[in-house]
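Engineer: Provide a 3D model corresponding to the input given below.
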Amino acid sequence: MAQATLAAARFPAAVALLRTRRSPAIAAPLCQSGLRHCRRGFAMAAAPAPVPAPASDPPPKGADLFFRSVLSKMQKVYLSRNPTAEKILGLVHSYDGDNICFDHFAFRTFGVDGYGINSLAEFFTDFGYEPREELRFPAKKLRALWFSPPKSDGYTGTGIYGPLPRIFISELLVDELSAPSQEIICKYIKTSAKGNKYAVLASTSGELTWDKPIYSDFQALSRESEYAAWTLVNGYALNHATVSTHRLESDIRSISKFNKFAEDNGFKLNTEGGILKVSPDGLLQQSSTVADSALFSFADGITESIPRSYIEFAERLPLPQFKDLQDKEVKEHHRRDGFEVGNADKIFESTSRDQLTRRSA
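Structural biologist: The predicted model follows:
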């Protein structure tokens with residue numbers, strides 16, 4: 001697999017680029033295949049520092065409750081389709097108590113005609129999230145942008161009602177695909193009318209904003225981009241939720257012990273690049289299950305198994321300047337922030353055919 005690269009978009013540039021969604025439409029250039037696409041446009045800048053930025057002020061209480069209710073509905077769809085995630089959350093709760101907090105939620109999108117990152121991003125920025133760094137994955141023809149949450153003042157709970165998760169939104173660079181794959185994706189996007197404006201509603205309902213695909217189109221996309229095929233049949237559904245292991249209280253707060261705990265209980269973990277994915281600085285450590293599969297009835301009457309979602313686990317270690325703090329003194333802002341291309345590139349493989357068909361160790 002070609003090595004992915006990181007391009008960071010500092011906050012001011014990212015804000016300006018997110019505002020393009022509110023700007024008048026501009027005719028997009030034609031790519032070599034002759035298909036017309038929207039502009040993407042996130043600035044390239046210096047590599048990010050893994051130090052947390054100050055969080056924005058929390059939204060008013062009513063807005064915050066509404067926002068969390070939306071996240072709850074997204075999670076409800078996610079858990080209804082992914083029994084592995086529901087079982088692991090239940091198991092961790094039984095073993096560790098009511099200490100589960102989410103590190104981040106992740107979504108996949110088509111980066112074409114307004115159906116990419118911005119179709120979801122504006123909802124989160126309206127509720128106090130701030131755009132941070134951009135990540136690039138050339139081999140997968142993807143890019144992503146993550147968003148830091150506002151302060152969670154007054155919330156001492158867990159799960160959706162605990163510290164707000166980071167948001168990680170990726171998009172497929174559609175105009176870098178072959179002409180046949182572009183045509184398939186654009187064919188369905190056209191049936192969506194203005195569905196990109198209701199991406200969050202689609203995520204809370206679990207419905208596609210475009211026509212249900214035919215099986216041959218799903219197969220054709222799978223051959224070139226498994227990410228494209230996944231997005232075609234899952235749409236804006238939550239791709240994965242991530243448990244923050246270092247916020248747990250028992251021995252499984254160490255991600256290595258958490259991974260053993262998961263495997264000992266019969267869960268199949270993603271082995272791409274090794275079960276534990278570690279950033280070059282060693283401070284961000286991640287792992288994930290392999291996605292669940294489910295039968296899907298395609299528009300042409302064919303019923304076949306498709307990948308759904310998975311659950312991830314992340315441990316963020318203290319930054320070097322805080323390494324001498326006592327364990328109970330370490331807060332989230334003392335820990336490594338952000339994401340790592342090398343880790344994320346391998347986590348993406350949790351929905352791949354290779355991982356789904358691999359026998360458990």
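Engineer: for stretch 96-105, what is the average pLDDT?
Structural biologist: For stretch 96-105, the mean per-residue pLDDT is 96.
Engineer: and Ala241, what is it in contact with?
Structural biologist: Contacts for Ala241 (C-beta atoms under 8 Å, 6 or more residues apart in numbering) come out as Gln75, Tyr78, Ala85, Phe102, His104, Phe105, Ala106, Pro165, Ile311, Glu312. Bear in mind the C-beta positions are built from the backbone N, C-alpha and C, glycine included.
Engineer: one more: Phe102?
Structural biologist: Per C-beta under 8 Å, 6+ apart, neighbours of Phe102: Gly159, Ile160, Gly162, Pro163, Pro165, Ala241, Thr242, Val243, Ser244.
Engineer: okay if I get those residues as a markdown table plus distance to Glu176, pLDDT and secondary structure?
Structural biologist: Shown next, in a markdown table, are the contacts of Phe102 (distance: C-beta to C-beta, whole Å; pLDDT from 0 to 100; DSSP: H, G, I helix; E, B strand; the rest coil):
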| residue | distance to Glu176 | pLDDT | secondary structure |
| --- | --- | --- | --- |
| Gly159 | 37 | 94 | helix |
| Ile160 | 36 | 93 | helix |
| Gly162 | 38 | 93 | coil |
| Pro163 | 36 | 94 | coil |
| Pro165 | 29 | 97 | coil |
| Ala241 | 29 | 98 | strand |
| Thr242 | 27 | 98 | strand |
| Val243 | 33 | 98 | strand |
| Ser244 | 34 | 98 | strand |
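Engineer: quick one: buried ones out of those?
Structural biologist: Buried subset of the contacts of Phe102 (neighbour count, 16 or more other C-beta atoms under 10 Å): Gly159, Ile160, Gly162, Pro163, Pro165, Ala241, Thr242, Val243, Ser244.
Engineer: let me have the contacts of Ala241 in a markdown table, extended by secondary structure and distance to Gly235.
Structural biologist: Formatted as a markdown table, the contacts of Ala241 follow (DSSP: H, G, I helix; E, B strand; the rest coil; distance: C-beta to C-beta, whole Å):
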| residue | secondary structure | distance to Gly235 |
| --- | --- | --- |
| Gln75 | helix | 16 |
| Tyr78 | helix | 13 |
| Ala85 | helix | 18 |
| Phe102 | strand | 21 |
| His104 | strand | 19 |
| Phe105 | strand | 15 |
| Ala106 | strand | 14 |
| Pro165 | coil | 20 |
| Ile311 | strand | 19 |
| Glu312 | strand | 20 |
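Engineer: low-confidence ranges in the stretch 201-350 of the chain?
Structural biologist: Scanning the stretch 201-350 of the chain for pLDDT under 70 picks out nothing.
Engineer: and the helices in it?
Structural biologist: For the stretch 201-350 of the chain, the helices defined by DSSP state H, counting those that start in this stretch cover 215-224, 226-234, 255-264, 341-347.
Engineer: out of these, which comes closest to Pro307?
Structural biologist: helix 226-234 (5.8 Å; C-beta to C-beta).
Engineer: check the offset of that closest one from the chain's centre.
Structural biologist: 14 Å (C-alpha atoms, centre = their mean, to the nearest Å).
Engineer: can you give me the helices in the stretch 1-150 of the chain?
Structural biologist: Counting by DSSP H, counting those that start in this stretch, the helices of the stretch 1-150 of the chain are 11-18, 61-81, 83-96, 118-126.
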